[in-house]
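Chemist: 3D, please:
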Amino acid sequence: MSTLVLDAEALYLELLKGVRALFDPGMRLVGITSGGVWLAERLQQDLNLAGSAGVISSSLHRDDYSRRGMTAAAQTRIAFDVNDANILLLDDVLYTGRTIRAVVNELFDFGRPASVKLAVLVDRGGRELPIQADFCAARVTIPPGQSLTLARSEAGVFSFNVKAR
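Modeler: Numbers count the residues shown, from 1 in each chain. Below you'll find the model as predicted:
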């Protein structure tokens, strides 16, 4: 049995390159709670963008809301007009696509963006919905019984946690 080793900091540098290629002047960053928010905050700084990145939660639009309920994760905070905005959504791990579907529904509660693109640190496959990222730093295969999540130290250093569900 092999152990998956992912260098989250190296993948972040790949994500930064990919976001630079996708980024258009005036584009707004919105991070999905919680790992996507950490990525958006750091990208906002590394790209020298004014203001702060938006935060979006999938909690209210999840199709498993009755099972999961509200999470303790941050709630949606978008301090700009979503109407006609070009938005880059950021997430740490893309898996089934259900979080992205929920987040897009939440985003449209705030207005109608001109465009929405998606960049992720890791795409682990296993899609249940027809959703794909415009950019992903890495594609990995992880057994369905395991979860992959981004962690951030107090110093802001990224790492991954792989756990059995």
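Chemist: now the host helix or strand of residue 42: buried residues?
Modeler: In this structure, residue 42 sits in helix 35-46 according to DSSP states H and E. Using 16 or more other CB atoms under 10 Å as the test for burial, helix 35-46 gives 35-44. Just so you know, the C-beta spots here come from the backbone N, C-alpha and C atoms, and that holds for glycine as well.
Chemist: ok, residue 97 - how many residues close by?
Modeler: When neighbours are counted by other CB atoms under 10 Å, residue 97 registers 16.
Chemist: now swap in residue 110 and tell me
Modeler: Around residue 110 there are 17 residues (other CB under 10 Å).
Chemist: tell me who's in contact with the closest residue to it other than its chain neighbours.
Modeler: Nearest non-adjacent residue to residue 110, counting by CB to CB, 6 or more residues apart in numbering: residue 82, 4.2 Å away. Each residue near residue 82 by CB atoms under 8 Å, 6 or more residues apart in numbering is listed here: 107, 110-113.
Chemist: columns distance to residue 148, pLDDT and secondary structure on top of these, output as TSV?
Modeler: Formatted as TSV, those follow (distance: CB to CB, whole Å; pLDDT from 0 to 100; DSSP: H, G, I helix; E, B strand; the rest coil):
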residue	distance to residue 148	pLDDT	secondary structure
107	24	96	helix
110	29	96	coil
111	32	97	coil
112	33	98	coil
113	28	98	coil
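Chemist: filter the residues you listed down to the buried ones.
Modeler: So, by 16+ other CB under 10 Å, the buried ones in the contacts of residue 82 are 107, 110, 113.
Chemist: the first one touches residue 87, doesn't it?
Modeler: Translated: residue 107. Yes: the pair residue 107 and residue 87 passes the contact test of CB atoms under 8 Å, sitting 7.0 Å apart.
Chemist: joint contacts of these two?
Modeler: With contacts taken as CB under 8 Å, 6+ apart, residue 107 and residue 87 have 30, 113, 116 as neighbours in common.
Chemist: which one of those residues is nearest residue 101?
Modeler: The closest of those to residue 101 turns out to be residue 116 (CB to CB; 11.9 Å).
Chemist: quick check, nearest of the shared contacts of residue 107 and residue 87 to residue 22?
Modeler: Using CB to CB, these come closest to residue 22 at residue 116, 11.6 Å.
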